[in-house]
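# Test case, fold it:
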Amino acid sequence: VGEVPIVPRHPIDWPVAHPDAILRAAKMIRNAKRPLIMIGAAGNRPRLVAELSSFVQRTGIPFFTTQMGKGAVTGCSEHYMGTTALSAGDYVHRAVDHADLIVSIGHDTIEKPPFLMTPDGMQVIHIGYTSANVEEVYFPQAEVLGDIGPSLTQLADRLEGTINVDRAFLALREEILGRVTEDSDDDRFPVIPQRLVADVRKAMPEDGIVCLDNGMYKIWFARNYRTHVANTLLLDNALATMGAGLPSAMMAAMLYPDRRVLAVCGDGGFMMNSQEMETAVRLKLNLVVIVLNDSAYGMIRWKQAVDNFPDFGLTFGNPDFVKYAEAYGARGSRVSATREETTIAESLPDGTLRLANGATVSSDALWPLELEGALLERLALGGVDSLDDFLTRLNILHLLALREADGLGACRGGRVRRFRADRPGGLGVAVGMVLRDGWRHRRDGEREGENERFGGHDGLRFINQVRQGQVRSADCDGRTPGSRRSEAPA
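Numbers count the residues shown, from 1 in each chain. The predicted model follows:
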């Protein structure tokens, strides 16, 4: 019996945006001084690639993407600013905060908010198939509803040659992308996320499909992994369901048997659906699974530590993943040094399921965290070899949600990192003073306590002094009253 379509093919007339909506949006974009494009999940469709790319090229407006919008326009574009891995305070938010108008293309509010609108902040134009879901942090001032492709073409016809892009975006782009590539060649082991992402990008072809499970590493892939083709980085930025990495990779391998497919999973997420390896082996699927093993639900464990909750029920034992793979008839390998990243590349085209145990992922990394919408600043940690070492050596002084402060700076070696406290509802901003062994190591010959402004409870006293008005956050210069200037971390 031949293939019979369930529903006979029939012509489809896609809805087209109203001309008044096109004219209104074009006028807003022309009047804006610093417009910026955002591409969301509903814009990340293969049939929209040509129209999206043409719109960006014809208008010259820089763009960024949400996590689920990556790949809609190539990340190699000279107009690409980055991807929002967080809702605020991420690298790319330097550009978002600079914009006075966001042209939001295909944004679905089921995603974690890529930025937070405020009544006195930038304006937003929503371009999509359906009307925007208005929320406290997303309330567009204008909408262009209809098939996204024709809408963008009509807008480009009216805007081409009329937009003067703010040159400040060029400097911001260089800064943002420079930060994204930091530590991508770091040889430390256990591997840090920046190096892992860089090695995966080198191993995967442009049309290779990477399927992510959910954990801290997903944030790093969203931010650092440069995509060139639509739907080549599959992740869930909505419910962020654990256990999705392996099944989504299996389906990708079934749909695209000639393309390289890679699943990146934490050990917790992988073990939730690891029995499906039997299915993958039976179907002779060509895919690779990288398991990042820290023997814990690392993200939740870290969040609980930040809130001073007991470390309870979040660690577990794992099987030998190499033998586990072999028990299902797959091939297993263990990466024991950062320089063995060729294991990833060599395992991709061999036509069999391969499980690469990434060993313990180093917590010597810049773990970002948003807690109830407030920003936790990421500061560098050093010399950490495991999650246990991370939790015992890390000195988390405090996490504050300040109503009274108009911006608290985290002082690092005399340099000020300032934060805005303009969240709706006046919650302010949360600042995590995260230190490395009391912020820096003492030099030989120094007396204990000398030059250690942020050591131990002294850091808590400093924060309390800020709250009580004894130290003004705007004047924070790396000192506490009565102490010497602290030098930059060694």
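
# pLDDT score assigned to residue 460?
Residue 460 is assigned a pLDDT of 39 by the prediction.

# brain fart, residue 198
At residue 198, the model reports a pLDDT of 91.

# The nearest residue to it once chain neighbours are set aside: neighbour count?
Closest residue to residue 198 apart from its sequence neighbours, by C-beta to C-beta, 6 or more residues apart in numbering: residue 184 at 3.7 Å. C-beta here means a position set from N, CA and C on the backbone, and glycine is covered the same way. Residue 184: 16 surrounding residues under other C-beta atoms under 10 Å.

# how close does residue 184 sit to residue 193?
In this view, residue 184 and residue 193 are 10 Å apart by C-beta to C-beta, to the nearest Å.

# Now list whatever residues contact both of those two.
Shared contacts of residue 184 and residue 193 (C-beta atoms under 8 Å, 6 or more residues apart in numbering): residue 224.

# low-scoring stretches of this structure, by residue?
The model of the chain has pLDDT under 70 over residues 1-2, 5, 339-490.

# ok, 80 please
Applying pLDDT under 80 to the chain flags residues 1-9, 302-303, 335-490.

# re the thing from before, wait, the residue nearest to residue 198 sits on residue 195?
Yes. Counting by C-beta atoms under 8 Å, residue 184 does reach residue 195; the two are 6.1 Å apart.

# element containing the residue nearest to residue 198?
When elements are assigned from DSSP states H and E, residue 184 belongs to no helix and no strand.

# For it, list the residues it contacts.
Residue 184 makes contacts with 194-195, 197-198, 224, as judged by C-beta under 8 Å, 6+ apart.

# And the residues you listed, which two are furthest apart?
195 and 224 (10.0 Å; C-beta to C-beta).

# the more surrounded of the two?
residue 224 (26 against 21).

# got a list of what that one touches?
Counted by C-beta under 8 Å, 6+ apart, residue 224 has contacts 180-181, 184, 193-194, 197-198.

# Could you save these as a markdown table and add columns showing secondary structure?
Shown next, in a markdown table, are the contacts of residue 224 (DSSP: H, G, I helix; E, B strand; the rest coil):
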| residue | secondary structure |
| --- | --- |
| 180 | helix |
| 181 | coil |
| 184 | coil |
| 193 | helix |
| 194 | helix |
| 197 | helix |
| 198 | helix |
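
# Nearest to residue 122, out of the residues you listed: which one, please.
Nearest to residue 122 among the contacts of residue 224 is residue 180, at 22.8 Å by C-beta to C-beta.

# Now residue 55. Nearest residue, chain neighbours left out?
Nearest to residue 55 is residue 152, by C-beta to C-beta, 6+ apart, at 4.1 Å.

# The contacts of residue 224, buried ones only, as a ChimeraX selection?
Only the buried entries of these go into this ChimeraX selection, using 16 or more other C-beta atoms under 10 Å:
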select :180,184,193,194,197,198
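
# Grab the two from the contacts of residue 224 that are most spread out in space.
Maximum distance among the contacts of residue 224 (C-beta to C-beta): 13.0 Å, for 181 and 193.

# before we move on, the earlier item: which phi and psi does the residue nearest to residue 198 have?
Main-chain dihedrals, residue 184, degrees, to the nearest 10: phi -70, psi -10.

# same question, the one 4 residues further on
Dihedral angles phi and psi of residue 188 (degrees, to the nearest 10) take the values phi -60, psi 150.

# got it, and residue 155?
phi -60, psi -40.

# In contact with it, which residues?
By C-beta under 8 Å, 6+ apart, the neighbours of residue 155 are 22, 25-26, 29, 55, 59, 127, 144.

# among those residues, which are in strands?
Counting by DSSP state E, the part of the contacts of residue 155 found in strands is 127, 144.

# Quick one: residues contacting residue 148.
42-43, 48, 51-52, 105-106, 127-129.

# which strands and helices sit next to the helix or strand containing residue 81?
Here residue 81 sits within strand 80-83, counting by DSSP H and E. When contacts are defined as 3 or more C-beta pairs under 8 Å, 6 or more residues apart in numbering; DSSP states H and E, strand 80-83 sits against strand 63-65, helix 168-180, helix 216-224.

# buried residues in the longest one?
Along helix 168-180, the positions that meet the burial threshold by neighbour count (16+ other C-beta under 10 Å) are 169, 172-173, 176-177, 179-180.

# Distance to residue 209 for those residues - can I get that in TSV?
TSV is the format used below for those (distance: C-beta to C-beta, whole Å):
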residue	distance to residue 209
169	31
172	30
173	27
176	26
177	23
179	26
180	21
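
# Can you tell me which of these is closest to residue 73?
For these, the nearest to residue 73 is residue 173 (14.1 Å; C-beta to C-beta).

# excluding its backbone neighbours, what's nearest that closest one?
residue 81 (5.4 Å).

# who touches that neighbour in this structure?
Contacts were defined as C-beta under 8 Å, 6+ apart; by that measure residue 81 touches 36, 62-64, 92, 95, 169, 172-173, 176.

# same check, this time on residue 25
By C-beta under 8 Å, 6+ apart, the contact list for residue 25 reads 103, 125, 127, 142, 144, 155.

# out of those residues, who's nearest residue 230?
So of these, ranked by how close each gets to residue 230 (C-beta to C-beta), first place is residue 127, at 17.1 Å.

# Could you count how many residues lie near residue 166?
20.

# where does residue 291 land in three-state SS?
strand.

# Looking at strand pairing, list the partners for it.
Under DSSP bridges, the beta-bridge partners of residue 291 are residue 265, residue 357.

# The one 5 residues further on now?
Taking DSSP bridges, one finds residue 315 as the beta-bridge partners of residue 296.

# check contacts around it.
268, 314-316, 387.

# With residue 285 instead?
250, 253-254, 257, 261, 353.

# before we move on, what about residue 28?
101, 123, 125, 141-142.

# Please repeat the previous calculation with a cut-off of 6 Å.
Residues counted as contacts of residue 28 (C-beta atoms under 6 Å, 6 or more residues apart in numbering) are 125, 142.

# Check the contacts of residue 25 and tell me the two furthest apart.
Spatially, the most separated pair among those is 142 and 155, at 11.8 Å (C-beta to C-beta).

# how about the helices in the stretch 1-150 of the chain?
Using DSSP state H, counting those that start in this stretch, the helices of the stretch 1-150 of the chain run over 19-31, 49-59, 93-98, 148-159.

# and stretch 252-260, which residues are buried?
Across stretch 252-260, burial judged by 16+ other C-beta under 10 Å covers 252-253, 259-260.
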